[in-house]
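[1] Pasting the sequence and the predicted model now:
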Amino acid sequence: MKRTLGVCYYPEHWPEDVWADDAQRMVDAGLSWVRIGEFAWSRMEPAPDQFEWDWLDRAIEVLGNAGLKIILGTPTATPPRWMLDKHPDMLAVDEQGRPRGFGSRRHYCFSHRGYRDESKRITRLMAQRYESNKHIQAWQTDNEYACHDTTRSYSYAATEGFQNWLAQKYQSPAALNRAWGNVFWSMEYDDFADIDLPNLTVTEPNHPHVLDFYRYSSDMVVDFNREQVTEIRAHTDAPIIHNYMGRETSFDHFKVGADLDIASWDSYPIGFLSDRLEGSQDHKRRFLRQGEPDNQAFHHDLYRAVGRGRWWIMEQQPGPVNWAPYNPAPLPGMARLWAWEAFAHGAETVCYFRWRQAPFAQEQMHAGLLRPDSADAPALAEALQVSREINDLPDVGTAKADVALVFDYESAWAWEAQPQGADFDQFRLAFAAYRACRRAGLNVDIVAPDTDDLSGYKFTLAPGLMHLSDPLRAALTDATALIGPRTDTKSEHLSIPTPMGPNVDGLDATVVLTESLPPDVGVPLENGGQFLHWREVLEGDAPVRLKTTDGHAAIMGDKLRYLAGWPDDATWDLILRDLCNEVGLTHHNLPDGLRIRDTQTHRFVFNYAPEPLIWNGVEIPGAGVHWAAL
Amino acid sequence: MKRTLGVCYYPEHWPEDVWADDAQRMVDAGLSWVRIGEFAWSRMEPAPDQFEWDWLDRAIEVLGNAGLKIILGTPTATPPRWMLDKHPDMLAVDEQGRPRGFGSRRHYCFSHRGYRDESKRITRLMAQRYESNKHIQAWQTDNEYACHDTTRSYSYAATEGFQNWLAQKYQSPAALNRAWGNVFWSMEYDDFADIDLPNLTVTEPNHPHVLDFYRYSSDMVVDFNREQVTEIRAHTDAPIIHNYMGRETSFDHFKVGADLDIASWDSYPIGFLSDRLEGSQDHKRRFLRQGEPDNQAFHHDLYRAVGRGRWWIMEQQPGPVNWAPYNPAPLPGMARLWAWEAFAHGAETVCYFRWRQAPFAQEQMHAGLLRPDSADAPALAEALQVSREINDLPDVGTAKADVALVFDYESAWAWEAQPQGADFDQFRLAFAAYRACRRAGLNVDIVAPDTDDLSGYKFTLAPGLMHLSDPLRAALTDATALIGPRTDTKSEHLSIPTPMGPNVDGLDATVVLTESLPPDVGVPLENGGQFLHWREVLEGDAPVRLKTTDGHAAIMGDKLRYLAGWPDDATWDLILRDLCNEVGLTHHNLPDGLRIRDTQTHRFVFNYAPEPLIWNGVEIPGAGVHWAAL
Amino acid sequence: MKRTLGVCYYPEHWPEDVWADDAQRMVDAGLSWVRIGEFAWSRMEPAPDQFEWDWLDRAIEVLGNAGLKIILGTPTATPPRWMLDKHPDMLAVDEQGRPRGFGSRRHYCFSHRGYRDESKRITRLMAQRYESNKHIQAWQTDNEYACHDTTRSYSYAATEGFQNWLAQKYQSPAALNRAWGNVFWSMEYDDFADIDLPNLTVTEPNHPHVLDFYRYSSDMVVDFNREQVTEIRAHTDAPIIHNYMGRETSFDHFKVGADLDIASWDSYPIGFLSDRLEGSQDHKRRFLRQGEPDNQAFHHDLYRAVGRGRWWIMEQQPGPVNWAPYNPAPLPGMARLWAWEAFAHGAETVCYFRWRQAPFAQEQMHAGLLRPDSADAPALAEALQVSREINDLPDVGTAKADVALVFDYESAWAWEAQPQGADFDQFRLAFAAYRACRRAGLNVDIVAPDTDDLSGYKFTLAPGLMHLSDPLRAALTDATALIGPRTDTKSEHLSIPTPMGPNVDGLDATVVLTESLPPDVGVPLENGGQFLHWREVLEGDAPVRLKTTDGHAAIMGDKLRYLAGWPDDATWDLILRDLCNEVGLTHHNLPDGLRIRDTQTHRFVFNYAPEPLIWNGVEIPGAGVHWAAL
Ligand SMILES: [Zn+2]
Ligand SMILES: [Zn+2]
Ligand SMILES: [Zn+2]
């Protein structure tokens, strides 16, 4: 498949007489795709059941006739104001009990049946109208599920929905009481209708109560999306996509993805480094205008898994954005580098967000490929360069990875429900492992927690998976793998099993004590590194591979081994070096900012640093990309 | 006009038999004015329509007969408890949706028609009763509008008021939708009655929505004040004053001031340095007991503009206060220094707050000129010293300033609505420019944003004015002036105009890209300084006066020039030095803590430092004041 | 009395067939006591008026027959879900106005009459059932009053209760207005029914309003507890205990304790160091796995006073807990050291919390003496060691102390209501004084604020007591004592008296000015130390014992002296050295982490440091205990 570029466009924002010129300039810039429609409900249906499709018909025609392929989005992330008159209680409610009102976007509760029907209705109408439109080559459902913390709603609709969901799951209050351990603190229920959402309790609510609410909330996103997919599929075979966000773990993307044809995500490297990633002040300053070197790659690999191989970037940052605490401009070259990093990880398409910077409303300080006055913005030339480079390279996908990293949304929720220590979480742990792989120059696949076959990988990492699925538990028994900390130490109900975990055949190790640690205290290891944040004490007869200086096992096991803490970066590097040596993989030690990723035919080298770096004798400029045939 | 001193007094707090002695001691201390009445509603009208004026008549008589002139305040900042029975919905509502209850002060919503009528009623009754009382020589409306974040209320009354205000302004929902860009995210309205206040939205509300709400809220303060003024003016010609606060930008003081005769403000140098000014820990420690050396001067100059030349200090800190995070005592001498700084800036009167420290209620730890046990507190002797010094000096006003600094409340709101970067704002920028003027020893006028004539100034600074008024835009075309960053980059509706700004005749420069920066990252300049927080990229043919080290213009223009970032202090100093050289003004380089201000006849030198400093060969003690004839 | 050990046990959490084995293992571990029942309401009364006592009867029988003495707890900290159907408004309301819902524990408002009756009912039923059960040798009321900030509720029930309480106290609104100084800001009331709780006001509420609400809230705890005590005493003579918490000052423990036979507290040294004690990062790191060396001792001495000599530890941390920001494991030896520190301070019994780690619900990561899989956890062996050591030592109590420290809950509330400076409070001041005593190796009694006889002590410390009781005021007149800062500077209504305080016979010193200071600013003293946070200026003819370098008195007085600030630790050490020299007490200078406490027969030495320390030529290992006959 040929790699392609695209852009997000809002014809409803601009006078109709500029559409044709915009379309031609898109084509001239080498763009193939244009995404439209996803925020335009108030223009499609300005009043209840009063539709205005003509403008959209014409916009599709103009764009399509220019040679662009169109992704058409359902507008359900932005229900119009009149919707609230029909459904006054459709708003989500925040954890403090306050309705989240109209005036921005995503103002709906996933549990609200009335709004769900509206979502199906508008989706059906769009699918019916455009089912045979040859320009519509893909569909997008909604926009950025979960963004602005919208997965979980503490509304009446959610309360009722949760109670029914629990009744389905547990069948009897007694079974739920047992599963949750409600005898503790007399929290027992005798009617599902008595179960509140786990907010505004006197002290922390019961962890399985929280976990089940997070599961329920995730299921509502899955259901909401599936309803739209069902409507669209009834009319067209065009692929259906959703655009996910970065570091968003509040719903199970694997489950949503299972209903879709392609995964996509919205990549804002500079905003994300600023507002949702840990890092020292030095690190954040060094990569201020480039973004965290490993965050894009992590999400590329994650969403490749979510899309079962097919994935896009639906929104690519082109310049300064408006929503992070600080919003610097990218270094020249980054709009190109980010696109190539995506392609090297197998992206089919990279769409920049957005075509022309809007001069009004919330995102008026968010750059586009054009300035508000329609002059070229800096990223436009970089997009053109990428489009030309695509033509010079073979149209192949990403390389098969040697390393699997298991990522599990349920574990993220379990960790949230039961952190046991402040300021760290499961994503951070998984990402620390991933970053070490990147420093080692490894190609990684992120795999789902129900994976039943790891035989294609040289080794597997499964840090922080609180509870192993049966297939994965089986697959691990004859894999070279590193699991832990916390891995398989909990039951599906977030309780401690007996025998205590991990309980994987072939690994005689048991976590018998856990401690969490403040950031300035580490547990020294015999190899000179240390555990941070978290350490566990192990018992068992598995061979000890590494010890803490106070004499406890830090890593135990044979091929399958357990890691009894949260390693610092240097220790992660040693762990990966040893694993690579063991399985015969080349282990690199990449300089800070230099990263590599292989496609089927080429090795790509990315320099995220601001200064030139040398790779195999080649000097790669700051913010530069280099590739060489394999 | 002779400079005078005064004090704030609460006869209702003390036994009637001490009033006469208090009055005599005030006179003995050299005080001419006494402010009374502004918190005494529950004593004037203990129950609805049941009045007790006798005590107030007697207090006025006792004070007036001692020779004191009285400022009589309307008591509307403290409606009595029974008012809530008449108007249960008169309370303001906070941004989180909670009514702001009875039990302290300022418990009213400016939009509430019922309370507005009560305010008019009590004001009318007071004006009628005291219109011909010869001792009442000035009136004060309410007390410290906006204090405790009370300008903006999210009540039902405010919602209705805002909707009507919008309907008046835009005439049709369609016009409002266009002005706000509501097509973005389908935020369009078809009825003004559907428009909520911009709080509790899912993510940030539309910026012009916020800005219009801030404009509306400011207008309500203006209207509230005007209603009182109208009542008072119907009965008396005595000047009417309001006492503003420090670093309070939530309403347009110029507009309130236009209805009044004199502006005044409440100056708490030590509290304000602690609770509302930026500054390094070293700086705050150095001036812990003196206050920020430039903050008083800034507000003196600001309120002189608000009062169209006539201004007072209505409350002058005399000792430790009770409301800042920490409340140290002033250095000996500061109660004198602060008064002279005010007089040098043209204050007619400085009133200390308060006469005797109240032994009860919220402010019992707030010092006065007397201790709670009626002994002299330290500031009393300093007040007496000032009163004697006044007699030795000519009764003239402040010097004409050479430099104009434009300050614009609407820009402060626009910046609040659209900060684009955390932890800085428009006040901070304007104050940084002002502080540089003070370090340079310049006399500054702060001028309103609708100023149409800058010809009296050697040069003008207009940093951060998001949108220029027509008169100012015209006045700038032939002024020596420095504008930017952000200046004139937005339309009146807080959108980006085409052509992009600034759009001032004679300045060919356009802001084409903006970035905001974390505090630890600067943009180096070729002169050795740097931009902090904010930088813009300029295009255009105007001559480049200063460059960033990465090759962009930092300052462009001829006489009128644009500053493309937020300079550090050293750069501000260089900018001002160059401007002074250009226009032939003397540029000082004052030591840290030493400040000067000219009156029409004398140069005053203030030493805010704790240690002695030398000025022109004269050693000025720490916390000391020096003056010399010009 | 023989020292004893015990444990907390939840038979309802475990299959009945393990009870006997658990009981035997308890006995084998040297435990004498077992606490049960306090969270089991939903198992005692699964539905309204439907009781299931059989399981509890059997549990008591099994445990008792094994030789264990039982403490039976009333289950009122955990009302079952069905209670909310009977009393929907029984929930407490937080300061933000939100009901604090079901789903954890302590979900009740102390002011709610309906729930108070439920509390009496279940207590009466338990007392009736078990009055003659010989195994029940003590009763516990409720569990950890105030925990999770539950003393103060902003409910309707509390509002009504507070109004009635005020009516009883003041008899007329006019008297209340005078006491509170409500004339200030027109806050006067003419009906008790108009007085709201002091939350959600526009700015800070009136301090005596706050103080009276805190007094009222404390009284509700006292009443609630007394009602249970009355029910129990009607049926049995077994001692009645409550288990208090650490650094919990929201109710008057002396008043609750007056109705009980024994005080106990729940000692979590590691959690408390992390989540509720000040300390440098170095200090917190050094004692990360041992806890603050003086915090346990402080509370031992405090609760010995609350229990009028009789006190226990009801819950002793045995390993990592789950509820602090970080939860490290104790150093080996600490579970023994903590127990001996308690015994040295006179504890009769130390109960570990809990027997077996619960594998489910909120505390599943909280260690016990057994692991969740029933294997021994590390603390079990330490408990056994203590039980053996008990047998080798005489069964005597703690030594008579030489030093009295007055601790006053009302002053803590007054300081909360009127902090005057951020980030310090009365507990912190009292604890700083106490820690200095510990560094000096002194045996301290904490005494109640209505103490009328200090003659048994060599000297007395009374820091921060805002208002002296009449008996204490009298007792101080001929005591060697250090009072201040803030001591006796306020009336009972939290106003400033005239003459200004302190007003104690024989001490001619008056606080005439107060300042609070940021943490980085001190007031240097002539002895090389400094005041932090707080300093007062004194007047009077008492001899000056110490001066600030700016010439003010820092300590004034003869035998009775006033301390005019908050000393740093070095100054506290000098103050205590001087006091010791004056009265002929030995003053130690203990190394960091080493602490001593005398019993009637032995001196105990505790090494809280991680490394060995030398005491009188004896090397005591880290986390070690040493004792020697006196
Ligand atoms: Zn169809
Ligand atoms: Zn009249
Ligand atoms: Zn009985």
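    Nice, thanks for sending it over. Ligands and ions are numbered 1, 2, ... in the order given.
[2] is it true that residue A:569 touches residue A:435?
    Yes. Applying CB atoms under 8 Å, one finds residue A:569 in contact with residue A:435, separated by 7.5 Å. Where C-beta positions appear, they are placed from N, C-alpha and C, glycine not excepted.
[3] Note down every partner strand of the longest strand seen in chain A and its orientation.
    For chain A, the longest strand by residue count, based on DSSP state E, is strand A:530-539. Counting by DSSP bridges, the strands paired with strand A:530-539 are strand A:510-516 (antiparallel), strand A:523-524 (antiparallel), strand A:565-567 (antiparallel).
[4] That strand: how far from the chain's middle?
    Centre-to-centre, strand A:530-539 and its host chain are 28 Å apart (CA atoms, centre = their mean, to the nearest Å).
[5] Hmm, residue A:152 and residue A:161 touching each other?
    No. In this structure residue A:161 lies outside contact range of residue A:152 using CB under 8 Å: 11.9 Å.
[6] More neighbours: the two, which one.
    Comparing residue A:161 with residue A:152 by other CB atoms under 10 Å in any protein chain shown, the one with more neighbours is residue A:152, at 25 against 22.
[7] What residue spans form the domains of chain A?
    A:4-150+A:208-392, A:160-207, A:403-583, A:595-629 (automatic domain parsing).
[8] what about the longest one, average pLDDT?
    By that I understand domain A:4-150+A:208-392. Averaged across domain A:4-150+A:208-392, pLDDT comes to 98.
[9] And the third one, by the same measure?
    Averaged over domain A:403-583, pLDDT sits at 98.
[10] go on, the shortest one?
    Domain A:595-629 shows a mean pLDDT of 97 in the predicted model.
[11] Tell me the helix or strand right after the longest strand of chain A.
    Of the helices and strands lying after strand A:530-539 in sequence (DSSP states H and E), the nearest is strand A:544-547.
[12] Pull the residues that contact the longest strand of chain A.
    A:421, A:424, A:484-486, A:509-517, A:519, A:522-525, A:548, A:552-554, A:556, A:562, A:564-568, A:571, C:329 (CB atoms under 8 Å, 6 or more residues apart in numbering or on different chains).
[13] Quick check, residue A:93 in contact with residue A:155.
    Yes. Using CB under 8 Å, residue A:93 makes contact with residue A:155 at a distance of 4.1 Å.
[14] what's the burial count for the residue of chain A found nearest ligand 1?
    In chain A, the residue that lies nearest ligand 1 is residue A:235 (3.6 Å; CB to the ion). Number of residues near residue A:235 (other CB under 10 Å) recorded here: 17.
[15] Which residues are in contact with it?
    Residue A:235 neighbours (CB under 8 Å, 6+ apart): A:127-128, A:131.
[16] in chain A, what residue is nearest ligand 3?
    residue A:186 (25.0 Å).
[17] Closest residue of the stretch 451-600 of chain A to chain B?
    Proximity of the stretch 451-600 of chain A to chain B (CB to the nearest CB) peaks at residue A:593, 16.9 Å away.
[18] Name the residues of stretch A:44-59 that come out as buried.
    By neighbour count on 16 or more other CB atoms under 10 Å in any protein chain shown, the buried set for stretch A:44-59 is A:44-45, A:56, A:59.
[19] do the same with stretch A:318-334
    By neighbour count on 16+ other CB under 10 Å, the buried set for stretch A:318-334 is A:318-324, A:326-331, A:333-334.
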